Each structure stands twice: as structure tokens, then as C-alpha cells.
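In: only geometry, no sequence info:
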């Protein structure tokens, strides 16, 4: 089969456009979780064969990144974020008396988490080929919590073609 035929063939398949919500419970104040399998399950449920999947966090103290799932690397990443915005520093955001509108009672003091989140991404997009995430050998989709523990929500959008018949 020619390259041109391979490119055109998937578009003979049904069009897929699905949005799904993933819920993740973090267990620590700062935590990195591998969500690759969860996203791969979304791809499978949607019946996406070729296309893209976009994962978007729905929180301002949470981020995403593509990197390796390796415990010592996670420690390095967390230490780097902590050096960027130490939890022990003073942040204007945490001065509840000065915030307008006034935050609700019990609002977290999380200025450090917001500052750390500014260097993380709020979304990641991965290609889907032959019904699977087209990630590199060591690449994983990682959720980076900076203000946990909390229940977090992610929006997953999938678009492309279903399996060709």
C-alpha cells in the first residue's frame, strides 16, 4: 500500500469527537501521578484509531507534563518546583484580609502552589495511531499536584477517526 493510501484510509472510518472527564484523587500536598493508562483507557472507550487526545487540567494549582515515570526523577522535579516557590515563603495571595473579593472561609494558603503551576502546562496533546497513544519509549503523561491532597478533575478531548473497516 502506498503512503498516500495509508494517509487517506483512516478518513474512510467514522469520525470520533468525544469529551470525557477524569477524576483523580491526590494523596499528598505535592505529588506526581502517571495518568497515561487512564488516558489510554479514554482512547479505547472512544474507539479512536487515529487522531489526537488533549488532556486539560481544570485547576490553577495543578499541572501536566510529559516525562519519564521514575521515582528519583519525581523527587528531582518536586525539589526543583519547591526551590522555585518555597512553601515557607510569604505570598500576597495568602493574605486573606487583603484579597478581593474575600475568599470563602477555610480557603487554602496556596500562593506557592500557584507560583509553581506557572511553569507547568495546563494541557498536553498526544497523537493516537492504530488505537494507541503514540508516545516515545520513556514518555508518560504526568499529573503534577502542588496543592493536595484533593479530588481533581481533568477534561479529555479526543478527535479523529475510528477503526477503519
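Out: Right, received. Where do you want to start? None of these values were measured; they are calculated from a predicted model.

In: going forward, measure contacts between C-alpha atoms and count neighbours the same way
Out: OK.

In: and residue 142, what element?
Out: Assigned by DSSP states H and E, residue 142 falls within strand 140-145.

In: number of residues surrounding residue 101?
Out: Counted with other CA atoms under 10 Å, the neighbours of residue 101 add up to 8.

In: contacts for the strand holding residue 142, please.
Out: With contact meaning CA atoms under 8 Å, 6 or more residues apart in numbering, strand 140-145 is reached by 26, 29-36, 61-69, 124.

In: please repeat the previous calculation with a cut-off of 7 Å.
Out: 30-36, 61-69 (CA atoms under 7 Å, 6 or more residues apart in numbering).

In: show me which of those are buried.
Out: Buried members of those, scored by 16 or more other CA atoms under 10 Å, are 30-36, 61-66, 68-69.

In: from those, which single one is nearest residue 132?
Out: If you rank the buried ones among the contacts of strand 140-145 by distance to residue 132 using CA to CA, residue 36 comes first, at 10.9 Å.

In: now that closest one: closest residue in space that isn't a chain neighbour?
Out: For residue 36, ignoring the flanking residues on the chain, the nearest one in space by CA to CA, 6 or more residues apart in numbering is residue 141 at 5.0 Å.

In: show the contacting residues for residue 67.
Out: Counted by CA under 7 Å, 6+ apart, residue 67 has contacts 139, 140, 141, 142.

In: buried ones from those, can you make that a ChimeraX selection?
Out: Selection of the buried residues among these in ChimeraX, burial being defined by 16+ other CA under 10 Å:
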select :140,141,142
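
In: residues in contact with the closest residue to residue 85 other than its chain neighbours?
Out: Leaving aside its sequence neighbours, residue 85 sits nearest to residue 112 (CA to CA, 6+ apart; 5.3 Å). Contacts for residue 112 (CA under 7 Å, 6+ apart) come out as 85, 86, 87.

In: in what helix or strand does the residue most central in space within the chain lie?
Out: Per CA atoms, centre = their mean, the C-alpha nearest to the average position across the chain is that of residue 64, at 3.9 Å. Under DSSP H and E, the secondary-structure element containing residue 64 is strand 62-67.

In: and the direction of that strand versus that of strand 140-145, what angle?
Out: Here the directions of strand 62-67 and strand 140-145 differ by 150 degrees (axes from the mean of the first three to the mean of the last three CA atoms, to 10 degrees).
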